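# fold the following and give me the result.
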Amino acid sequence: MWERINRKPKTENHMDYSDRFKNVTVLGAGGKMGSGIVLLLSLEMADLSRKPENEEKSFAINAMDVSHDQLKGLIKYLRDQIRRVAEKKIVQLRDIYSERTDLPENWEIIEQYIDDVLEFVHVSTSLNTAAGSTLVFEAVNENPELKIRLYKEIENICDGKTWYFTNTSSIPIYSLEEAGNLGGRIIGFHFYNPPAVQKLVELIPCEKTLKEITEFSLQLAGNLRKTVVTSNDIAGFIGNGHFMREILFAVFELEKYQAEYSFPVALWMINKMTQEFMVRPMGIFQLIDYVGLDVCSYILTVMTQNSKENLQCMLLENLVDQGITGGQFADGSQKDGFLKYTKNRITGIYNLDQKDYFPVEEIEEKVNPILGSLPENHKQWKTVVGSTGKDEHLTSYFKALSEMDTFGSKLTQEYGRNSKEIGLQLVKSGVARSEEDVNTVMATGFYHAYGPINNYYN
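Next up, the predicted model:
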């Protein structure tokens, strides 16, 4: 999975790894993704600054956002998260601060470490702060025009040697490179949400991406202890290439069964099947809510514009037009989407005709008899995902499910086969380099207990 890099002679774009960290800018630093990226980079800077060869070097992160309030929230988030990191490695920190006789207690060492890491972070709402940046990590809205405008403005105040790492999950990197006239100084470095926790980074070099940037990206991802999967530069890449097409199939199934069962019953039936019967952490419609209906709809539009497929979803677009967007509030609580949430617990199912939510208990009573029972050896996702003997259990479970003459079994088989076909098509069309890469992205990035390309579905 780790790409082998052919080393080239040093060019003007080549610096020592630590030198690249001297002046780093994060665009969109106050958002969910940007704040996690700032956290990871500040911790990496702290590690680099302690190396003897870097004693004379200075490091800084320009954490930039348009919102003062979000930047205030960023500092609080960083303080809380750095504290958690410090508490987990207090033994190591005691050794690092062993010569500090003014820090005899663990809590004092932890507070000092928090202050030391935060010293690297400088918040700003002015793009001029990015002047002289060696690295720019961009995590702004999934809007190519916005991204390109920011790149051009930074180019005007920098020396033409800045490297750009975009967190885009769908926009082809070559299109950003060409429009920004970046001379190959850009790569897709797609963290999964939340970056501080998620182990996956989807790496997307375009045809012109400098080899030195790819090499640096692999070293950075390794230092951050991330699992790297390289995707070819085709809109949506591997993760959204699969997820978005699975959304379209789920909506197709919903519209197929709503005439017979009603919209909320069909919706909950498919959501329940994709979570419980398929052994996943969330049902497909809950996952759409988590990502955001508006975000998913926009990604589908981007993929449509950059491919020969029509991947737009009228249902998502109609719901977004009604103000049903999903996503999260500033405090992290879930906004209503296909499902209604009370303190992040599902309490309602959307009724398209009445434009209101039915109580989940009422819909659950109708759905359970339709789907039928689960096999006796069924286990919930949280029990299966990290267990030893997971593959043997899943093989036995899906065999038992396939032998059941129930609608739930039929629906699961149909959905699973389609998911597998999407994965195989990603390899065939050149988005993914291997079946293993597809499975790694979906299992690691989406927390699935197994990859879509498998032998579980007949």
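# for the spatially closest residue to G184 that is not a sequence neighbour, what are its contacts?
The shortest distance from G184 to any residue other than its chain neighbours is 3.9 Å, reached at K208 (C-beta to C-beta, 6 or more residues apart in numbering). For every residue, glycine as well, the C-beta is placed using N, CA and C. The contact partners of K208, by C-beta atoms under 8 Å, 6 or more residues apart in numbering, come to Y174, E177, G183, G184.
# and the third one, that one's in a helix?
Right, the one you point to is G183. No: assignment of G183 by DSSP: H, G, I helix; E, B strand; the rest coil gives coil, placing it outside any helix.
# pretty sure it contacts W163?
No: at 10.5 Å, G183 and W163 do not qualify as touching, with contact defined as C-beta atoms under 8 Å.
# mind checking what secondary structure the residue nearest to G184 has?
coil.
# got the phi and psi for it?
With angles defined as degrees, to the nearest 10, K208 sits at phi -90, psi 0.
# ok, so what distance separates it from R185?
The span separating K208 from R185 equals 9 Å under the rule C-beta to C-beta, to the nearest Å.
# try E202
Summarising the geometry, the distance separating E202 from R185, computed by C-beta to C-beta, is 19 Å.
# who's more crowded, the two?
E202 (27 against 21; other C-beta atoms under 10 Å).
# tell me the SS of that one?
Taking three-state DSSP as the rule, one finds E202 in the strand state.
# retrieve the pLDDT associated with it.
At E202, the pLDDT value in this model is 98.
# between the contacts of K208, which has the most around it?
Comparing those on neighbour count, E177 comes out first with 25 neighbours (neighbours: other C-beta under 10 Å).
# whichever strand or helix holds that residue - contacts with which helices or strands?
Counting by DSSP states H and E, the element that carries E177 is helix 173-180. Under the contact criterion of 3 or more C-beta pairs under 8 Å, 6 or more residues apart in numbering; DSSP states H and E, helix 173-180 touches helix 144-157, strand 163-166, strand 186-191.
# between that helix and strand 200-204, how many degrees?
60 degrees (axes from the mean of the first three to the mean of the last three C-alpha atoms, to 10 degrees).
# run through who's touching helix 173-180.
Residues external to helix 173-180 that are found in contact with it (C-beta under 8 Å, 6+ apart): 144, 147-148, 151-152, 155, 164, 166, 168, 182, 184, 186-188, 204-209, 233, 306.
# what does the average pLDDT come to for that helix?
97.
# ok now it, how far from the chain's centre?
Using C-alpha atoms, centre = their mean, to the nearest Å, we find the averaged C-alpha position of helix 173-180 to lie 21 Å away from the chain's own average C-alpha position.
# quick one: buried residues of stretch 97-116?
Neighbour-count burial for stretch 97-116, with 16 or more other C-beta atoms under 10 Å as criterion, is recorded at Y97, L103, I109, I110, Q112, Y113, I114, D116.
# now do the most centrally placed residue in the chain against I238, distance only.
Most central residue of the chain, judged by C-alpha distance to the mean C-alpha position with C-alpha atoms, centre = their mean, is Y192 at 2.2 Å. Plainly put, Y192 is 11 Å away from I238 if you go by C-beta to C-beta.
# what is in contact with these two at once?
With contacts defined as C-beta under 8 Å, 6+ apart, the residues shared by Y192 and I238 are E202.
# circling back to that earlier point, just put the helices and strands packed on helix 173-180 in TSV and tack on distance to I453.
Formatted as TSV, the entries for the helices and strands packed on helix 173-180 read as follows, by distance: least, C-beta to C-beta, whole Å:
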stretch	distance to I453
helix 144-157	31
strand 163-166	28
strand 186-191	21
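# G423 reaches A443, doesn't it?
No: between G423 and A443 no contact is recorded; they are 11.2 Å apart, counting by C-beta under 8 Å.
# which of these two has more neighbours?
For G423 versus A443, the count of surrounding residues by other C-beta under 10 Å is larger for G423: 26 against 17.
# and that one, that's in a helix?
Yes: under the criterion used here (three-state DSSP), G423 sits inside a helix.
# tell me where this structure has strands.
Secondary structure of the chain, counting by DSSP state E: strands at 24-27, 61-64, 121-124, 135-138, 163-166, 186-191, 200-204, 227-230, 339-342, 345-351, 356-359.
# out of those strands, which one sits most buried?
Of these, the one with the most neighbours on average (mean count of other C-beta atoms under 10 Å) is strand 24-27, at a mean of 29.
# list the contacts of that one.
Strand 24-27 is contacted from outside by 34, 37-38, 41, 45, 59-65, 129-130, 133-140, 150, 154, using C-beta under 8 Å, 6+ apart.
# now stretch 314-322
Stretch 314-322 is touched from outside by 247, 251, 254-255, 288, 293-294, 296-297, 300, 337-338, 350, 355, with contacts defined as C-beta under 8 Å, 6+ apart.
# hmm, 10 Å instead?
Judged by C-beta atoms under 10 Å, 6 or more residues apart in numbering, the contacts made with stretch 314-322 from elsewhere in the structure are 247-248, 251-252, 254-255, 263, 288, 292-298, 300-301, 313, 324-326, 337-338, 350, 352, 355.
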